[in-house]
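Undergrad: Give me a model of this one.
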Amino acid sequence: MRSLVRSLIVIVLATVIFGFVYPLVITGFAQVAFKNKANGSLITRNGVVVGSKLAAQNFTAAKYFHPRPSATAPAYNAGATTFANLGPTNPDLAKNVAAAAQAILKLEGPYNPGLEIRDIPVDAVTTSASGIDPDISPANAALQSRRIAAVRHLPLATVQKLIRDSTDGRSLGFLGEPGVNVLELNLALDRLGGK
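TA: Take a look at the predicted model:
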């Protein structure tokens with residue numbers, strides 16, 4: 001009986017310490033030391049939250065850069081991140097990539113004469129591991145730059161400079177690949193002006 005009581009006391013103490021006290025201490029520390037990140041890396045414009053630096057949004061207007069395809073349902077749902085889980089031999093992956101490539105050819109082709117499927121960056125036609133990756137590759141942004149410049153009546157060099165200025169390098173200088181945050185890039189475009 002004594003062992004049972006001790007076990008119950010240990011369970012209650014462990015639950016209180018690791019289930020309540022520890023999370024509160026860590027949350028409090030994060031709020032003090034990393035407030036922006038702890039609150040979701042929210043981006044505000046004119047005092048209004050317009051999104052998070054960590055989650056893609058579905059931009060469909062021709063005047064905006066478009067994110068990678070989304071794997072979530074509904075699309076770009078930050079509350080239900082998931083991945084497509086389609087392997088390289090899965091015929092559904094081939095269908096999805098082919099459909100995305102055709103959509104890109106239709107959208108970007110008029111602004112990029114001679115554009116072929118082989119010219120489309122991989123991240124423009126595939127989903128990310130989270131299904132809502134907020135970044136696109138510099139090559140994907142460059143592909144879209146001619147459309148943006150034409151639709152907004154901006155010099156192509158101006159849009160290309162904006163992409164370069166918005167490109168984040170590799171983490172710690174050697175991890176991952178350079179990327180461009182689509183939401184931040186589109187907000188910078190809006191600040192720049194054009195149609």
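Undergrad: Now do the phi/psi pair for the nearest residue to residue 170 once chain neighbours are set aside.
TA: Closest residue to residue 170 apart from its sequence neighbours, by C-beta to C-beta, 6 or more residues apart in numbering: residue 176 at 5.3 Å. In this view, the C-beta of every residue, glycine as well, is placed from N, C-alpha and C. Backbone torsions for residue 176, taken as degrees, to the nearest 10, come to phi 70, psi -160.
Undergrad: Can you tell me how far residue 176 is from residue 169?
TA: According to C-beta to C-beta, to the nearest Å, residue 176 and residue 169 sit 9 Å apart.
Undergrad: got a list of what residue 66 touches?
TA: Applying C-beta atoms under 8 Å, 6 or more residues apart in numbering, one finds that residue 66 lies in contact with 59-60, 107, 144, 182.
Undergrad: where does this structure dip in pLDDT?
TA: Low-confidence segments of the chain, defined by pLDDT under 70: 194-195.
Undergrad: Need the residue closest to the centroid of it.
TA: Against the mean C-alpha coordinate of the chain, by C-alpha atoms, centre = their mean, the closest residue is residue 134 at 1.2 Å.
Undergrad: The nearest residue to it once chain neighbours are set aside: what's it in contact with?
TA: Nearest non-adjacent residue to residue 134, counting by C-beta to C-beta, 6+ apart: residue 56, 4.7 Å away. Residue 56 makes contacts with 67-68, 70, 76, 132-134, 182-183, as judged by C-beta under 8 Å, 6+ apart.
Undergrad: repeat that with 7 Å
TA: Taking C-beta atoms under 7 Å, 6 or more residues apart in numbering as the criterion, residue 56 is in contact with 67-68, 70, 76, 132-134, 182.
Undergrad: try residue 127
TA: By C-beta under 7 Å, 6+ apart, the neighbours of residue 127 are 68-71, 83-84.
Undergrad: what's the answer for residue 150, then?
TA: Going by C-beta under 7 Å, 6+ apart, residue 150 touches residue 111.
Undergrad: quick one: which helix or strand includes it?
TA: Using DSSP states H and E, residue 150 sits within helix 138-152.
Undergrad: How about residue 99?
TA: Using DSSP H and E, residue 99 falls in helix 91-108.
Undergrad: strands paired with whichever helix or strand comes after that helix, and their directions?
TA: Next along the chain after helix 91-108, taking DSSP H and E as the criterion, comes strand 135-136. Strand 135-136 pairs in its sheet with strand 179-181 (antiparallel), by DSSP bridges.
Undergrad: residues making contact with the strand it pairs with?
TA: By C-beta under 7 Å, 6+ apart, strand 179-181 touches 53, 134-138, 141, 163, 166-168.
Undergrad: Same check on stretch 164-176?
TA: If you take C-beta under 7 Å, 6+ apart as the criterion, stretch 164-176 is touched by 138, 177-181, 184-185, 188.
Undergrad: List buried members of those residues by neighbour count.
TA: Among those, the ones that count as buried by 16 or more other C-beta atoms under 10 Å are 138, 179-181, 184-185.
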